[in-house]
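> what follows is a predicted structure for the sequence shown.
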Amino acid sequence: MAIGDLKNKLIAVLGFGQEGEATTAYLIKHGIKPVLFDQKPWDQWPKDTQDKIKALGIHFIFGPDAFLELKGFDIIFRSPGISLAKIPKFNSDIRITSQTKFFFENCPAKIIGVTGTKGKGTTATLISEMLKLQCQMSNFKYQTYLTGNIGKVQPLEIVDNLTANDWVVYELSSFQLQDLNKSPHIGVVLMTTSEHLDYHKDDSEYVEAKSAIIKYQDTDDVAIINADYQNSGKIGRLGQGKKLFCSRRTTQGDCYVENNILFLKNSDFQFNLNELGLVGPHNYENACAAVLAAKSAGCSNEAIKKILREFKGLKHRLEFVDKKNGIKFYNDSFSTTPETAIAAIKAFTEPEVLILGGSSKKSDFSQLVKQISITKNLKAIILIGQEATKLKELLANQYSGPVLEGANSLIEVFAQIKTIGQNGDVVLFSPACASFDWFKNYVDRGEQFKNLVSKFN
């Protein structure tokens, strides 16, 4: 479906978040006036957003029952946070699409898609930086764009400017992949466990949603699979693309880790992971996947190694904030699952004060509790948010160290840190939970943490 196919059609855009706003702007730019829908009541939107919507000059329908007004529309663009199950099935003639689906259908450039439960933002950025550096070093006439779930540049903001020589690195969530029927030229499947079970009905549906990353590949495409995870392997068996495997637990992969060295099979490429700019052994997996993707896209060893050394990570992903009174503070607010908290805990050898908890995503904390029970350098745990009670119960017979609770804000958490933090400690803010009890989102949570670190004395 191309932009010309949308002319003289009745178009609906569902959701006015980042994607919905970008989709609406793209359609208006091409002379198409969609109708904007959102289930959030109009009076709950900030005035500046209301003014922005009014200035678009299009019709909009907001409120809990807004989607009941979709009858008669020809095409629906859904935002990723709106599951297909929430869209009423009035008739079979309505075509449901999305910004991602439309982009894949109309993108002339080569796409590198990256998905996984965690690590996709870091890996996608690594690949993008490697490609950008290679372009500079070789004076190639192409551009590299980083887009998708990472949110800095929306796909429809760039689609009209792309050429066949360009590269697009696209971070893809299960929400964006679930109705895709075309796979990227290079598909990267990182650690895939389980997440978003408040959105997907079960683990199987979550994995199935992810599978479009390589399901529709042909023999000219490449699939890069993390061999260390069962669900990643399930997805990896799909599609006709050339299969490349990465691992930090076995030396059987095409890119693997042995004795703290990253090796590329059948190549002279080696990289000492002591030089890696990213913190934590979980990032060895991300580095392996990025190396395979970059090499598949034609990057030189020199460009790849330079980025591996220089890239220090993304905001709110195990981000070093500051050292105050001899205490190092790390902001890992992007950690909304037990798996990411486990990786963060294992990243340090210093005495750790772990801040854990938040709002529920129906996660299984059993493996996180097990990791806590065997982590000898874990000095204390501070529990916060709605999941604090559940976590306390799970920790009761597994962890013998101090467990602090009762804080009703991050300000009170920092008061607790003052009672236990000492020179040489690491304070690790890796909640393993969603942020919507105390905060707007994980970014707000991380920024508030960083602000309080700046005031710590």
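Cool, got the structure.

> where do the strands sit along the stretch 101-250 of the chain?
110-115, 144-148, 167-171, 186-189, 222-226, 242-247 (DSSP state E, counting those that start in this stretch).

> now the stretch 351-457 of the chain
Taking DSSP E, counting those that start in this stretch as the test, the strands found in the stretch 351-457 of the chain are 352-357, 378-384, 403-404, 426-429.

> any idea which of these gets closest to residue 145?
For residue 145, the closest of the strands of the stretch 351-457 of the chain is strand 426-429, at 31.3 Å, according to C-beta to C-beta. Backbone N, C-alpha and C define where each C-beta goes, glycine included.

> name the helices or strands packed onto the closest one?
strand 327-331, strand 352-357 (3 or more C-beta pairs under 8 Å, 6 or more residues apart in numbering; DSSP states H and E).

> so which of the ones you listed is the most surrounded?
Across the helices and strands packed on strand 426-429, the average number of neighbours (mean count of other C-beta atoms under 10 Å) peaks for strand 352-357, which reaches a mean of 25.

> can you tell me the strand partners of that one and which way each runs?
Neighbouring strands of strand 352-357 in its sheet, by DSSP bridges, are strand 378-384 (parallel), strand 426-429 (parallel).

> give me the mean pLDDT for the longest one.
Just to be clear, that refers to strand 378-384. For strand 378-384, mean pLDDT rounds to 97.

> which other residues reach it?
By C-beta atoms under 8 Å, 6 or more residues apart in numbering, the residues outside strand 378-384 that reach it are 345, 351-358, 372, 391-392, 395, 399, 401-405, 407, 410, 413, 416-417, 420, 425, 431, 438.

> just the CA trace of it, in CSV.
Taking only C-alpha atoms (Å, rounded to 0.1, in the frame of the first residue of the first chain), the coordinates of strand 378-384 have been written out as CSV:
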residue,chain,number,x,y,z
LEU,A,378,24.7,-7.4,47.2
LYS,A,379,24.8,-5.2,50.3
ALA,A,380,21.2,-4.1,50.7
ILE,A,381,17.9,-3.9,48.8
ILE,A,382,15.5,-0.9,48.8
LEU,A,383,12.0,-1.9,47.7
ILE,A,384,9.7,0.7,46.1
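
> and it, how far out from the chain's middle?
Strand 378-384 sits 26 Å away from the centroid of its parent chain (C-alpha atoms, centre = their mean, to the nearest Å).

> quick one on the thing from earlier: just the buried subset of the contacts of strand 378-384, please.
345, 351-358, 372, 391, 395, 399, 403-404, 407, 410, 413, 416-417, 425, 431, 438 (16 or more other C-beta atoms under 10 Å).

> check the gap between residue 180 and residue 456 for me.
45 Å (C-beta to C-beta, to the nearest Å).

> please say which of these two ends up with more neighbours.
Remark: of residue 180 and residue 456, residue 180 carries more neighbours, 22 against 16, as counted by other C-beta atoms under 10 Å.

> against residue 410, how distant is the more buried one?
Distance, residue 180 to residue 410, by C-beta to C-beta: 38 Å.

> go on, residue 209?
Using C-beta to C-beta, residue 209 is found at 33 Å from residue 410.

> and what of residue 273?
33 Å.

> ok, back up a step: of the helices and strands packed on strand 426-429, which is nearest residue 84?
Of the helices and strands packed on strand 426-429, the one closest to residue 84 (C-beta to C-beta) turns out to be strand 352-357, at 31.3 Å.

> got the angle between that closest one and strand 327-331?
Put simply, strand 352-357 runs at 30 degrees to strand 327-331, going by axes from the mean of the first three to the mean of the last three C-alpha atoms, to 10 degrees.

> report the mean per-residue pLDDT for strand 352-357.
Per-residue pLDDT over strand 352-357 has a mean of 98.

> with stretch 110-118 instead?
Across stretch 110-118, pLDDT averages out at 93.

> and if you look at stretch 16-31?
For stretch 16-31, the per-residue pLDDT averages 95.

> may I see the buried residues of that stretch?
By 16+ other C-beta under 10 Å, the buried positions in stretch 16-31 come out as 16, 18-24, 26-27.

> ok, which pair from those is furthest apart?
Pairwise distances across the buried residues of stretch 16-31 (C-beta to C-beta) peak at 15.3 Å, for the pair 18 and 27.

> my guess is residue 432 contacts residue 332, does it?
No: checked against C-beta atoms under 8 Å, the pair residue 432 and residue 332 is beyond contact range at 9.3 Å.

> hey, what's in contact with both of the two?
By C-beta under 8 Å, 6+ apart, the residues touching both residue 432 and residue 332 are 340-341.
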